[in-house]
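**Student:** prediction below, plus the sequence it came from.
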Amino acid sequence: MENQDVRWKQRLENLKNALARLESACAKQGYSELELAGLVQTHQFTFEQCWKTLKALLTYEGYEVNSPRETIRKAFELSLIEDVECWFNALESRNILSHVYDESMAIQAISCIKNDFAPILRECVAVLEERAGNT
């Protein structure tokens, strides 16, 4: 059990680093094609880190979740996250953008990443940091 405690907290540290990179990318205005691709990739990576950190915490707490959808649902049920629809939108966006790169889709994704997805990731990290301090 102690190993799982360490695992989710290690994942949290990696997630905080990924979120810092995402925040830095979101702060920029006017993206080159390469920077646009970098923002999308950074979002995808950070989202992946986040749901896997949630999964590790849930496993540590005795819940069995396997997929991102199950993890998001259980995290919402336990009030670890709030806007479940936004989380599912972020998951769908991550899936679409990771399989097909289309510049016009990526440009549309910038607004969602900056205004919707980065804030929910930020809120989740704050909740997880608080949880880490209490365990």
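**Tutor:** Thanks, I have the structure now.
**Student:** sec struct for S79, please.
**Tutor:** For S79, the assignment made with DSSP: H, G, I helix; E, B strand; the rest coil gives coil.
**Student:** can you check the pLDDT for E2?
**Tutor:** Listed pLDDT for E2 reads 65.
**Student:** okay, and the helix or strand of the protein with the least pLDDT?
**Tutor:** Every helix and strand of the chain was ranked by mean pLDDT, DSSP states H and E. The lowest is helix 103-112, at a mean of 78.
**Student:** need the residues that contact the helix or strand that that one is followed by.
**Tutor:** With elements assigned by DSSP states H and E, the helix or strand that comes after helix 103-112 is helix 118-134. Residues from elsewhere that reach helix 118-134 (C-beta atoms under 8 Å, 6 or more residues apart in numbering): 8-9, 12, 15-16, 19, 22-23, 26, 43, 46-47, 50, 53-54, 57, 75, 80-83, 86-87, 90. Using the backbone N, CA and C atoms, a C-beta is placed for each residue, glycine as well.
**Student:** before we move on, what about stretch 31-50?
**Tutor:** Outside stretch 31-50, the residues that touch it by C-beta under 8 Å, 6+ apart are 11, 14-15, 18-19, 21-22, 25-26, 28, 90-91, 94, 97-98, 101, 103, 106-107, 109-110, 113, 117-118, 121, 124-125.
**Student:** what mean pLDDT does that stretch get?
**Tutor:** 90.
**Student:** ok, stretch 116-123 next?
**Tutor:** Averaged over stretch 116-123, pLDDT sits at 96.
**Student:** now do the helix or strand containing A20 against helix 118-134, angle only.
**Tutor:** According to DSSP H and E, A20 maps onto helix 2-27. The directions of helix 2-27 and helix 118-134 differ by 150 degrees, with axes from the mean of the first three to the mean of the last three C-alpha atoms, to 10 degrees as the criterion.
**Student:** buried sites along helix 2-27?
**Tutor:** 8-9, 11-12, 15, 18-19, 22, 25-26 (16 or more other C-beta atoms under 10 Å).
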